[in-house]
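# I'd like to go over a predicted model; first the sequence, then the structure.
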Amino acid sequence: MAEVAIQRIDWTSILRLVAVLFLGFTSGLPLALTGQAMQAWLTVDGIDLATIGFLGLVGVPYSFKFLWAPLMDRFEPPLLGRRKGWLVITQLLLAAALFSIAYLSPKENLTLFAIAALTIAFLSASQDVVIDAYRTDVLKPNERGMGGSLAVFGYRLAMILSGGVALIWAQTYGWPQVYTTMSMIMAGAAVLSFLLLPSLSSEFKPLASSPKQELKGFLAMLVGFVSGWYVTHYVLIVLGLDPNSANKWLQLLFILAQLAVALPLGYYLARRVGFETLNRSLDSYFAQSSAVAFLILIVLYKLGDAFAGSLTTPFLIKGMGFTQAEVGIVNKIIGMWLTIFGALLAGALLLRISLFKALFIFGILQLVSNLGFWVLAVLGKGAWGSFTLPAFDWIIITVKESSQIDFLLMMVIALENISGGMGTAAFTVLLMSLCNQRFTATHYALLSAFAALGRIYVSPVAGVLSESIGWPAFFVFSTLMAVPGILAVVWLRSSINGLKQS
């Protein structure tokens, strides 16, 4: 039997899987650079906690990428092809944006810094749209399970580099040099994408619709969104509210109210004018049974994790007094292997248990992991003692001096990473199971955008809340926020069991 299995190994299949691993890495690299790494830079630069929380809104493009995903499905860049073309374009632009932000000081020019960060997030979200589509198009049905695991693995490796190793590098070289290095890595990724990625089958063609009509529909959607945003802004001012108020809750009200009007208006005009690829993709998704209920589940399932993780870096550095190097070593380098272990364990369990059981059990574990941060906030640094990690030089990672590693910190991070890896593995299977093959790019963009809602919009709330009630109460609150996701899994038990999980 072993010999038969060996004979079935296909080099073209291996090349496709390696390509998916590589693209998982390029997808994960920019995320932390507008998330945890950026938070660390802002914290070290002395930016206040509430402002750091509001700057989490630069991740908004991850929530709305399904709006322009149809354009990347519909239009094909000349010479390079539809998927590879958009990949190379977005990766080159990401390299340029990362290089630009490296030379902006958050303390001296916060506005330009925020604009640059928003640009990086937009380009990163656009790259994700193409990567998700490419992965679905290039993999054969029997390769999708392994391909999905490798994509998560590559994504996590990149997050370790840009969200963990970067903190260690910053301790020695400073944040501008870190972002310059990341821009060079992304430029190299663009070259590799152009030269080495396997070509796609010619059967994957854009929708046969009018290009002019598609662009008109897209522009109408943008006009509706922008109009709704600014009209709501000025209506609130007329009602006597001040958008420049020092009250952070009032600032948050402006943002949420503007989004509540802008999104429906943009979608209405897209349908009226005829953004055909978007309209047909959304119609296809919402024709499924329990479509809206699944969107609610997707938002809620990671909500507790989103609250706990939204300010983890400022909590550990500013709130608990850990050094950047210690946080980078424990939270990302050691945490990397624990996350991988969690994902592999989840993969093994998913071969034996149903998707419903996996989502339920892993959701409970994610809830428990939030309580670990509460324990750390209550007991404090050094409560369980520490040990000395000797200096080391691993070429890409250098720690010039020995570091004290807190035992309680390690236990909390271990639980969070293992449970997080397990939850992510099951969650990825859920998203893939909900996609219609004809509209995979837009459907996956829609679903992953809803998945990002919690991570993005809890950030300003978390910043204000943590300052208002303190860290221990904040992590109790984040634990309670994990409960609705578990209840949603139970609510949709029959629908989840009815999904095709192949």
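Perfect, I can see it now. Numbers count the residues shown, from 1 in each chain.

# tell me which helix or strand Leu297 sits in.
In this structure, Leu297 sits in helix 291-301 according to DSSP states H and E.

# what residues sit buried inside that helix?
Buried residues in helix 291-301, counted by 16 or more other Cβ atoms under 10 Å: Phe294, Leu295, Ile296, Leu297, Ile298, Val299, Leu300, Tyr301. (Glycine included, C-beta is placed from N, CA and C.)

# distance from the helix or strand following that helix to the middle of the chain?
Using DSSP H and E, the helix or strand that directly follows helix 291-301 along the chain is helix 303-310. Put simply, helix 303-310 sits 12 Å off its chain's centre (Cα atoms, centre = their mean, to the nearest Å).

# remind me what helix 303-310 packs against, helices and strands.
Other helices and strands packing on helix 303-310, by 3 or more Cβ pairs under 8 Å, 6 or more residues apart in numbering; DSSP states H and E, are helix 355-379, helix 407-433, helix 440-469, helix 471-480, helix 483-491.

# pass me the low-pLDDT residue ranges in the stretch 151-300 of the chain, would you?
Along the stretch 151-300 of the chain, the parts satisfying pLDDT under 70 run over 201-208, 248.

# least reliable of the helices and strands packed on helix 303-310 by average pLDDT, please.
Lowest mean pLDDT within the helices and strands packed on helix 303-310: helix 440-469, at a mean of 77.

# report the inter-axis angle for it versus helix 471-480.
Angle of helix 440-469 versus helix 471-480, following axes from the mean of the first three to the mean of the last three Cα atoms, to 10 degrees, is 150 degrees.

# identify the residues contacting the helix holding Leu297?
285-286, 288, 359, 363, 423, 427, 430-431, 434, 447, 450-451, 453-454, 484-485, 488-489, 491-492, 495 (Cβ atoms under 8 Å, 6 or more residues apart in numbering).

# and the protein, what are its domains?
Listed by automatic domain parsing, the domain ranges of the chain are 8-198+288-497, 209-287.

# winner for burial among the ones you listed?
Mean neighbour count (mean count of other Cβ atoms under 10 Å) peaks for domain 8-198+288-497 among those, with a mean of 20.

# check the offset of that domain from the chain's centre.
Its chain's average C-alpha position is 4 Å from that of domain 8-198+288-497, according to Cα atoms, centre = their mean.

# for stretch 225-238, same thing?
Average the C-alpha atoms of stretch 225-238, do the same for its chain, and the two points are 29 Å apart (Cα atoms, centre = their mean).

# which other residues reach that stretch?
243, 253-254, 257-266.

# now the helices and strands packed on helix 303-310 in JSON lines, with distance to Gly217?
Listed next are those as JSON lines, based on distance: least, Cβ to Cβ, whole Å:
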{"stretch": "helix 355-379", "distance to Gly217": "36"}
{"stretch": "helix 407-433", "distance to Gly217": "26"}
{"stretch": "helix 440-469", "distance to Gly217": "14"}
{"stretch": "helix 471-480", "distance to Gly217": "40"}
{"stretch": "helix 483-491", "distance to Gly217": "33"}
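
# and Val138, which of those is closest to it?
For Val138, the closest of those is helix 440-469, at 11.5 Å, according to Cβ to Cβ.

# SS state for Lys381?
Per DSSP: H, G, I helix; E, B strand; the rest coil, the secondary structure class of Lys381 is coil.

# how near is it to Ser310?
21 Å (Cβ to Cβ, to the nearest Å).

# go on, Gly59?
Gly59 is 10 Å from Ser310, where distance means Cβ to Cβ.

# and if you look at Met146?
For Met146, the distance to Ser310 (Cβ to Cβ) stands at 32 Å.

# same deal with Val461?
Note on Val461: its distance to Ser310, by Cβ to Cβ, is 8 Å.

# which neighbours do those two share?
Residues touching both Val461 and Ser310 (Cβ under 8 Å, 6+ apart) are Gly53.

# contacts only, for Val330.
Contacts of Val330 (Cβ under 8 Å, 6+ apart): Ile405, Asp406, Leu409, Met410, Ile413.

# go again using 10 Å as the cut-off
164, 316, 322, 389, 403, 405-406, 409-410, 412-414, 417 (Cβ atoms under 10 Å, 6 or more residues apart in numbering).

# what do you get for Pro77?
Contacts of Pro77 by Cβ under 10 Å, 6+ apart are Arg83, Lys84, Gly85, Trp86, Leu87, Val88, Ile89.

# Glu467 now?
Glu467 sits in contact with Asp48, Leu49, Ala50, Gly53, Lys248, Leu311, Phe474, where contact means Cβ under 10 Å, 6+ apart.

# dump those into a markdown table; add secondary structure and distance to Gly228 as well.
Formatted as a markdown table, the contacts of Glu467 follow (DSSP: H, G, I helix; E, B strand; the rest coil; distance: Cβ to Cβ, whole Å):
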| residue | secondary structure | distance to Gly228 |
| --- | --- | --- |
| Asp48 | coil | 30 |
| Leu49 | helix | 31 |
| Ala50 | helix | 26 |
| Gly53 | helix | 25 |
| Lys248 | helix | 23 |
| Leu311 | coil | 30 |
| Phe474 | helix | 32 |
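
# need the worst-confidence member of these.
Confidence by pLDDT is poorest for Lys248 among the contacts of Glu467, given 63.

# tell me the spacing between Ser289 and Leu359.
Per Cβ to Cβ, Ser289 is found 18 Å from Leu359.

# test my guess that Ala158 contacts Leu31.
Yes: the pair Ala158 / Leu31 is scored as a contact, 7.9 Å apart, by Cβ atoms under 10 Å.

# got the contact list for Lys318?
Contact analysis of Lys318 by Cβ under 10 Å, 6+ apart lists Gln39, Ala40, Thr43, Val44, Leu49, Ile52, Leu311.

# quick one: the nearest residue to the second one once chain neighbours are set aside from Ala482, how far?
This points to Ala40. Distance criterion Cβ to Cβ, 6 or more residues apart in numbering; nearest residue to Ala40, sequence neighbours excluded, is Thr313 at 5.2 Å. According to Cβ to Cβ, Thr313 stands 20 Å off from Ala482.

# again with Trp471
17 Å.

# circling back to that earlier point, which one of the buried residues of helix 291-301 is nearest Leu23?
Using Cβ to Cβ, the buried residues of helix 291-301 come closest to Leu23 at Ile298, 22.2 Å.

# need the contact list for the closest residue to the closest one other than its chain neighbours.
Leaving aside its sequence neighbours, Ile298 sits nearest to Phe450 (Cβ to Cβ, 6+ apart; 4.7 Å). By Cβ under 10 Å, 6+ apart, the contact set of Phe450 is Ser63, Phe66, Phe294, Leu295, Ile296, Leu297, Ile298, Val299, Leu300, Leu431.

# immediately after the strand or helix carrying Ala325, which helix or strand?
Assigned by DSSP H and E, Ala325 belongs to helix 324-328. Going down the chain from helix 324-328, the next helix or strand is helix 335-350, by DSSP H and E.

# returning to that earlier point: distance to Val152 added to the contacts of Val330, as a markdown table?
Below are these laid out as a markdown table (distance: Cβ to Cβ, whole Å):
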| residue | distance to Val152 |
| --- | --- |
| Gly164 | 16 |
| Leu316 | 24 |
| Phe322 | 27 |
| Leu389 | 28 |
| Ser403 | 29 |
| Ile405 | 27 |
| Asp406 | 28 |
| Leu409 | 25 |
| Met410 | 23 |
| Val412 | 22 |
| Ile413 | 19 |
| Ala414 | 19 |
| Asn417 | 13 |
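
# before we move on, back to that, among the contacts of stretch 225-238, which are located in helices?
Using DSSP state H, Leu253, Phe254, Ala257, Gln258, Leu259, Ala260, Val261, Ala262, Leu263, Pro264, Leu265, Gly266 are the members of the contacts of stretch 225-238 that sit in helices.
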